[in-house]
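Asker: need a 3D model of the sequence below.
(one chain, ligands or ions: 2)
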Amino acid sequence: MHHATEISETESGLAMELLTAAQMRAAEEAAMSAGKVSGLQLMERAGRGSVDAALSHWPDLAEGPHHAVVLCGPGNNGGDGYVVARRLLDAGWRVEVFGLGDAAKASPDARRMRALWEAAGPVQDLREAGQGDRPDLLVDALFGTGLSRSIPQEAVTAWHAVRTRAGVTGQVRCLALDCVSGLDCDNGQMLVPEGADALSADLTVTYHAAKRGHFLKTPPSAALKVVDIGLEAHPASLTAMPRPGYLRLLDPGRVEARRWLEDILPVAPGHHKYDRGHTLVLGGGPGKGGAARMAARAALRIGAGLVTLGVPPAAVQENAARLDAIMLKPLRGAEGLAEMLEDGRLSAIVLGPGLGLGEETRQIVRTALGANRRSVLDADALSSFQDDPDALFATLHDQAVLTPHEGEFARLFPDLAHGKRDVSKVEAAALAAERAGATILLKGPDTVIASPAGAVSLNAALYERAAPWLGTAGAGDVLAGMIGGLLASGRIAPHLAAEAAAWLHVEAARSFGPGLIAEDLPEELPKLFREIGL
Ligand SMILES: NC(=O)C1=CN([C@@H]2O[C@H](COP(=O)(O)OP(=O)(O)OC[C@H]3O[C@@H](n4cnc5c(N)ncnc54)[C@H](O)[C@@H]3O)[C@@H](O)[C@H]2O)[C@@H](O)CC1
Ligand SMILES: [K+]
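Answerer: Ligands and ions are numbered 1, 2, ... in the order given. This next block holds a predicted model:
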């Protein structure tokens, strides 16, 4: 499947804010009540923009008139559908329109658009949608941001019936207006009747700004385009903390990425290696050092001035044979760590990869946090506290970054874990960061980064940034090391370090391509930095 996102011109190259349905409504209402635009105009722009976006996405459909089926729902999303139907008819297409719900109950705008369509063609009963020959384009204008519960079975049945219509032509391209019907635009869940197959799309065209649900979980659409409908945009700066209550998508173009990373990466002209900081990575016993070595390598590659790997004495020999630029120190448990941290130049610590589960790890974590160092807690450093998360929260502070995957997150925050209804991944991470008093980076293709002060960002390896090969053993250890490397300089807030590392992690994977193993990630960074122009 081809995956692509395209952001409208005004927003290209900038970080975007991902809106909730309520924020989108507020943006519309603000423009309308200021008298800048009417609902009808917005709907016309949405429909027109959808047709333009679809024809530029599928140039073969722009070459001449084709055949479309448009399924229109009872709300304003259906209103957009009637505009699309009219515009395609004007372009010479054969257009069939099927309607759902009571037309009399629709909003005045949607009724008006329906009437304009009806001047040219009929609105047929949705139950008849399976009849007729196969169209080139199926337009899903059933439900948009107003969805409040599972979509009706008749909508699901009609959509599948059109897709499976018989005909000579091959593929039916599916275009979703604003979102695939059934998508909860706030949390990415698909709301369909039990047992029903969810709808999907080859392309979604959304209006003004992407919505949170477009980037959470596995998107039901292969591609996403955002079209401008003339509402006031608030481009989000990447170098500042995101506005509270908003979700920032980390999706800078190359130019913006350079400006952003110039402020964040420790390698800057005139900086001594000690200015770049010294990261300490703690490793496990004999035979358990691979994860920590990868983290250490990543910390060094991303720009820490010095990196030391601290391992139990029994593991020194094995690690010595595997390290060059990374320094090695024997370290006896929490006491040994406390002694080592008397050296104030050790500015950041990475704890967890391969460290082992249990009391010794808990003591090490407490010692590191007690010494007030910038710390990254991953893997075993998190899971060691599963029986008593509060003991961890009591020692955490705002210079710490926790990097749980969904499983580790569920152990520390069982009430916020995945699957609890109505708590989106964004809300879960934000609430967890507040509770822990530390930055939380909740991993996945939709990685959410939340600071205890309420800033939340999303790094999505979705659509054209999809990199499924990043799901490989050790990739998480590398990410922890990258964050630890960025934290060492002490120049940036932990939240910003976590964001930059998460973004670079995905970019490194995309740059390397399929076949990637975790060791490749740090080694890809120099090439990536060069490409970005750093
Ligand atoms: N408000 C505006 O000015 C604009 C709205 N736009 C479109 O309007 C959409 C939002 O419109 P609406 O708020 O009318 O909502 P929708 O069109 O998404 O549909 C919601 C309608 O269906 C009902 N409904 C909700 N869930 C249902 C269910 N499971 N089964 C049956 N009925 C259900 C609601 O009561 C409401 O009437 C956006 O997604 C976008 O497509 C665009 O035209 C841009 C301008
Ligand atoms: K839709």
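Asker: just give the number of residues close to the residue in the stretch 251-400 of the chain that ligand 2 sits nearest to.
Answerer: Distance from ligand 2 to each residue of the stretch 251-400 of the chain (Cβ to the ion) is smallest for residue 251, at 22.8 Å. Where C-beta positions appear, they are placed from N, C-alpha and C, glycine not excepted. For residue 251, the number of neighbouring residues by other Cβ atoms under 10 Å comes to 26.
Asker: what secondary structure does it sit in?
Answerer: Per DSSP: H, G, I helix; E, B strand; the rest coil, the secondary structure class of residue 251 is coil.
Asker: likewise for residue 16?
Answerer: strand.
Asker: bridging residues for it?
Answerer: Under DSSP bridges, the beta-bridge partners of residue 16 are residue 249.
Asker: centre of the chain versus the helix or strand containing residue 262, how much separation?
Answerer: Under the assignment given by DSSP states H and E, the secondary-structure element containing residue 262 is helix 254-264. Using Cα atoms, centre = their mean, to the nearest Å, the mean C-alpha position of helix 254-264 is found 19 Å from that of the whole chain.
Asker: and it, what other elements does it pack with?
Answerer: Using 3 or more Cβ pairs under 8 Å, 6 or more residues apart in numbering; DSSP states H and E as the contact definition, the elements that helix 254-264 packs against are helix 494-512, helix 520-532.
Asker: where does pLDDT dip in the stretch 201-350 of the chain?
Answerer: Low-confidence regions of the stretch 201-350 of the chain, defined here as pLDDT under 70, cover residues 235-236, 241-242, 268-271.
Asker: wait, residue 218 touches residue 461, no?
Answerer: No. Look at residue 218 against residue 461 with Cβ atoms under 8 Å: they stay out of range, at 11.3 Å.
Asker: now the common contact residues for the two.
Answerer: Common contacts of residue 218 and residue 461 (Cβ atoms under 8 Å, 6 or more residues apart in numbering): residue 445.
Asker: so what's residue 403 up against?
Answerer: 352, 376-378, 441, 443, 476, 479-480, 483, 498.
Asker: try it again with 10 Å
Answerer: Residues counted as contacts of residue 403 (Cβ atoms under 10 Å, 6 or more residues apart in numbering) are 350, 352-353, 376-379, 381-382, 409, 439-443, 447, 449, 476-477, 479-480, 483-484, 498, 501-502.
Asker: so which of those residues are in strands?
Answerer: In strands, defined here by DSSP state E, the members of the contacts of residue 403 are 350, 376-377, 439-442, 447, 449.
Asker: with just CA atoms, put whichever strand or helix holds residue 176 into CSV.
Answerer: Residue 176 is part of strand 173-177 when elements are defined by DSSP H and E. Backbone C-alpha positions of strand 173-177 (Å, rounded to 0.1, in the frame of the first residue of the first chain) are rendered in CSV as follows:
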residue,chain,number,x,y,z
ARG,A,173,-10.7,3.8,-5.2
CYS,A,174,-12.0,4.8,-1.7
LEU,A,175,-12.0,8.5,-0.8
ALA,A,176,-13.0,9.4,2.8
LEU,A,177,-14.2,12.9,3.5
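Asker: so that it lines up with my notes, have the first residue be 23 from now on.
Answerer: From this message on, residue numbering opens at 23, which makes the last subject strand 195-199.
Asker: quick one: average pLDDT of that strand?
Answerer: Model confidence over strand 195-199 averages 98 on the pLDDT scale.
Asker: is any residue of whatever helix or strand comes next after it near ligand 1?
Answerer: If you walk from strand 195-199 toward the C-terminus, the next helix or strand you reach (DSSP H and E) is strand 225-229. Yes. Contact of strand 225-229 with ligand 1 (Cβ under 6 Å from any ligand atom) involves residue 229.
Asker: just the terminal-to-terminal distance for stretch 483-501.
Answerer: With Cα to Cα, to the nearest Å as the measure, the first residue of stretch 483-501 is 14 Å from its last.
Asker: mind listing the strands in the stretch 273-422 of the chain by residue range?
Answerer: Counting by DSSP state E, counting those that start in this stretch, the stretch 273-422 of the chain forms strands over residues 300-304, 328-333, 349-352, 368-373, 396-399, 422-424, given from the N-terminal end onward.
Asker: could you dump the ones you listed to JSON lines with distance to ligand 2 and mean neighbour count?
Answerer: Rendered in JSON lines, the data for the strands of the stretch 273-422 of the chain read as follows (distance: least, Cβ to the ion, whole Å; neighbours: other Cβ atoms under 10 Å):
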{"stretch": "strand 300-304", "distance to ligand 2": "48", "mean neighbour count": "30"}
{"stretch": "strand 328-333", "distance to ligand 2": "50", "mean neighbour count": "25"}
{"stretch": "strand 349-352", "distance to ligand 2": "57", "mean neighbour count": "16"}
{"stretch": "strand 368-373", "distance to ligand 2": "44", "mean neighbour count": "28"}
{"stretch": "strand 396-399", "distance to ligand 2": "41", "mean neighbour count": "29"}
{"stretch": "strand 422-424", "distance to ligand 2": "37", "mean neighbour count": "27"}
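Asker: which one of those lies nearest to residue 144?
Answerer: For residue 144, the closest of the strands of the stretch 273-422 of the chain is strand 422-424, at 57.9 Å, according to Cβ to Cβ.
Asker: mean confidence for that closest one?
Answerer: For strand 422-424, the mean per-residue pLDDT is 98.
Asker: chain center to it, what's the gap?
Answerer: A distance of 19 Å separates the C-alpha centroid of strand 422-424 from that of its chain, computed with Cα atoms, centre = their mean.
Asker: equivalent analysis for stretch 299-306, please.
Answerer: With Cα atoms, centre = their mean as the basis, the distance from the averaged C-alpha position of stretch 299-306 to the chain average is 29 Å.
Asker: swap in stretch 388-406?
Answerer: Average the C-alpha atoms of stretch 388-406, do the same for its chain, and the two points are 26 Å apart (Cα atoms, centre = their mean).
Asker: is ligand 1 within reach of the strand holding residue 198?
Answerer: Yes. Figure legend: strand 195-199 in contact with ligand 1 (Cβ under 6 Å from any ligand atom); contacting residues residue 199.
Asker: so what are the sheet partners of that strand and their directions?
Answerer: When pairs are called by DSSP bridges, strand 195-199 turns out to pair with strand 159-163 (parallel), strand 225-229 (parallel).
Asker: the residue nearest to residue 236 when sequence neighbours are not counted: what secondary structure?
Answerer: Spatially, and ignoring its direct neighbours in sequence, residue 236 is nearest to residue 246 (5.6 Å; Cβ to Cβ, 6 or more residues apart in numbering). Applying three-state DSSP to residue 246 yields a three-state assignment of strand.
Asker: low pLDDT regions in the stretch 373-522 of the chain?
Answerer: For the stretch 373-522 of the chain, the stretches flagged by pLDDT under 70 are 441-443.
Asker: for ligand 2, what is the nearest residue in it?
Answerer: The minimum distance from the stretch 373-522 of the chain to ligand 2, using Cβ to the ion, falls at residue 485 (17.5 Å).
Asker: tell me the most buried of the helices and strands packed on helix 276-286?
Answerer: Greatest average neighbour count among the helices and strands packed on helix 276-286 goes to helix 516-534 (a mean of 25), per mean count of other Cβ atoms under 10 Å.
Asker: list the contacts of the residue most central in space within the chain.
Answerer: Within the chain, one residue has its C-alpha closest to the average C-alpha position: by Cα atoms, centre = their mean, that is residue 482, at 2.7 Å. The contact partners of residue 482, taken as Cβ under 10 Å, 6+ apart, are 27, 40, 232, 236-238, 241, 271-273, 466-470, 488, 524, 528.
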